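Peer 1: Got a predicted model here, sequence first, then my questions.
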Amino acid sequence: MYSHKILDNGLDVILVKRDSMMSASVLFCVKVGSSKETKENAGLSHLIEHISFRATKRKNTFEIKQPIEEVGGVLNAFTSKNFTVFFAKIPSLKVNETLEIMSEILYEPLFKEEDIEKEKGIILEEISSYEDEPINIVFENLYKNVYDDNFSRPIMGYKDTVMNIKKTTIEEFHNKYYQPENTVVIISGKFDEDSVLKQLNGIKSIANLNSFKNNITSPSIVDKEIFIKKYKNDLASNYLVQGFKAPPKLDKSYYSTLVLNTFLGSGMSSLLFSKIREEEGLAYEVTSDYETYPKAGLLLFYAATTEKNLENLLGKIEEVVEDLKNNKEIEKWFNYGKKRLIGKLTLEVENNLSMALNVLDLYVNYGKIITIEEFIKNIEKVEIHNVVETAKNIFSNNKYVSILSPKNQ
């Protein structure tokens with residue numbers, strides 16, 4: 001089912017054959033993101049992602065998008081701290097044409113001055129919209145105080161840095177990182193293996209294969225208590241994020257933390273939803289998230305509540321944390337978390353894009369292919385005592401709190 005090859009041009013290719021499907025997903029992951037930028041060019045990776053769809057040496061923007069979209073397909077991309085990922089979902093008959101289009105987007109974009117300026121304007125609007133959202137603000141305030149500089153900057157950058165990025169800076173950054181030997185390609189679904197490998201091997205490499213090394217990095221996390229409270233006009237609710245240092249992706253406690261995070265905040269049957277919303281009525285929305293890197297991790301709680309309920313909400317979260325540290329009622333929640341996590345993974349991989357993204361996440365972090373079946377088996381091995389020990393360790397760490405409250409008029 002899984003085939004892994006390093007091609008002559010350096011492309012790292014993983015093929016997941018699923019011949020029962022009538023579709024496929026194609027994913028190109030360039031191993032560079034916002035953490036590789038400087039303070040002065042913050043937002044550069046995200047800007048390149050945008051401009052790449054404007055024009056290539058042989059195609060204009062309509063010729064890039066129309067062949068995929070006219071058959072009901074999707075062509076898109078996203079930028080993260082460590083990666084820029086371009087992806088497509090298409091009917092199987094369109095795989096080879098999609099590979100041609102995507103390889104041109106990645107390796108042959110035309111960085112025309114007028115296109116650069118247009119995309120800068122679009123990104124400024126995107127930043128304005130992002131900065132208006134209280135959820136984004138409360139998380140960014142936390143990251144600024146918890147992560148090191150390279151990971152605390154917003155992926156989109158800042159308005160002034162984006163506006164000041166020069167064409168020469170874009171081209172130098174692109175030439176350095178957008179190389180086949182710095183790219184992982186994953187195709188999941190129905191396709192002709194020999195045909196796609198021949199096509200991918202035809203992509204030319206510019207860099208020296210023997211000298212290019214670009215390992216993904218992890219943030220450093222502060223080792224002290226953090227409490228930030230900021231205010232914003234025109235808010236009706238208080239927004240809260242509370243975090244703890246958690247095991248990194250390569251730690252032996254990674255799988256038990258996944259189970260812990262799932263029963264804490266995934267679904268309306270989760271612990272946080274049950275205890276804080278259903279029983280106490282302290283928040284309309286409450287959830288958890290596990291943010292991981294190879295050598296760093298954060299377990300985060302998020303909630304939105306009214307001014308009168310804020311203090312009680314903080315107290316209830318503290319009570320939940322103490323109960324978990326003392327192993328109260330954990331068996332009920334453990335079973336829910338483990339079953340839900342396995343079930344969600346099983347459902348997700350029915351989708352070719354979800355399958356490709358899962359394979360990518362595991363591969364780039366572990367440096368080897370871990371199948372979804374193997375991943376699920378690792379979750380199945382997690383026992384209650386593993387989660388109890390993990391919860392005690394996590395909740396004994398420093399507490400990081402970020403609150404965004406309405407500004408009194």
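Peer 2: Yep, that arrived.

Peer 1: which secondary structure elements does the strand or helix carrying residue 318 contact?
Peer 2: Following DSSP states H and E, one finds residue 318 within helix 310-325. On a contact count with 3 or more CB pairs under 8 Å, 6 or more residues apart in numbering; DSSP states H and E, helix 310-325 meets strand 238-245, helix 271-272, strand 296-305, helix 384-395. In this view, the C-beta of every residue, glycine as well, is placed from N, C-alpha and C.

Peer 1: Counting neighbours, which bits of that helix end up buried?
Peer 2: 310, 313-314, 316-317, 320-321, 323-324 (16 or more other CB atoms under 10 Å).

Peer 1: list the contacts for residue 144?
Peer 2: residue 152 (CB atoms under 8 Å, 6 or more residues apart in numbering).

Peer 1: just residue 55 next, same as before
Peer 2: 61, 64, 109-110, 112, 115.

Peer 1: Serialize the helices and strands packed on helix 310-325 to CSV and add fields for mean pLDDT.
Peer 2: Formatted as CSV, the helices and strands packed on helix 310-325 follow (pLDDT from 0 to 100):
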stretch, mean pLDDT
strand 238-245, 97
helix 271-272, 96
strand 296-305, 97
helix 384-395, 95
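
Peer 1: Of these, which is nearest residue 128?
Peer 2: Closest approach to residue 128 among those (CB to CB): strand 238-245, 18.8 Å.

Peer 1: what residues does the helix or strand just after the closest one touch?
Peer 2: Later in the chain than strand 238-245, the nearest helix or strand by DSSP H and E is helix 254-265. Contacts to helix 254-265, defined as CB under 8 Å, 6+ apart, come from residues 246-248, 270-273, 286-290, 292, 297, 299, 301-302, 324, 333-334, 336-338, 340-341, 344, 378-379, 381-382, 386-387, 389-391, 394.

Peer 1: can you tell me the helix or strand for the closest residue to residue 189 other than its chain neighbours?
Peer 2: Nearest non-adjacent residue to residue 189, counting by CB to CB, 6 or more residues apart in numbering: residue 24, 3.0 Å away. Using DSSP H and E, residue 24 sits within strand 23-30.

Peer 1: helices or strands next to that strand in the packing?
Peer 2: Using 3+ CB pairs under 8 Å, 6+ apart, strand 23-30 is in contact with strand 84-91, helix 95-107, strand 183-189, helix 352-366.

Peer 1: if we can go back for a sec, okay, the helices and strands packed on helix 310-325 in TSV with mean neighbour count and distance to residue 28 next?
Peer 2: Below are those laid out as TSV (neighbours: other CB atoms under 10 Å; distance: least, CB to CB, whole Å):
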stretch	mean neighbour count	distance to residue 28
strand 238-245	23	32
helix 271-272	23	37
strand 296-305	23	26
helix 384-395	19	35
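
Peer 1: Among these, which comes closest to residue 86?
Peer 2: Using CB to CB, the helices and strands packed on helix 310-325 put strand 296-305 closest to residue 86, at 25.9 Å.

Peer 1: Can you give the strand pairings for the closest one, parallel or anti for each?
Peer 2: Strand pairing for strand 296-305, using DSSP bridges, gives strand 238-245 (antiparallel), strand 285-293 (antiparallel).

Peer 1: which residue packs closest to the spatially most central residue of the chain, ignoring adjacent ones?
Peer 2: Geometric centre of the chain, nearest residue: residue 80, 5.9 Å, by CA atoms, centre = their mean. Nearest residue to residue 80, sequence neighbours excluded (CB to CB, 6+ apart): residue 33, at 4.9 Å.

Peer 1: What distance do you get for that neighbour to residue 178?
Peer 2: Distance of residue 33 to residue 178, given as CB to CB, to the nearest Å: 13 Å.

Peer 1: ok, now residue 344?
Peer 2: Between residue 344 and residue 178 the distance is 33 Å, computed by CB to CB.

Peer 1: out of those two, which sits in the busier spot?
Peer 2: Neighbour totals were compared for residue 344 and residue 178, and residue 178 leads with 22 against 13 (other CB atoms under 10 Å).

Peer 1: how much space between the more buried one and residue 75?
Peer 2: 17 Å.

Peer 1: related to what we said a few turns ago, how far off strand 296-305 does the helix holding residue 318 point, in degrees?
Peer 2: If you take axes from the mean of the first three to the mean of the last three CA atoms, to 10 degrees, helix 310-325 sits at 140 degrees to strand 296-305.

Peer 1: coming back round to it: for residue 104, find the nearest of the strands paired with strand 296-305.
Peer 2: strand 285-293 (31.2 Å).
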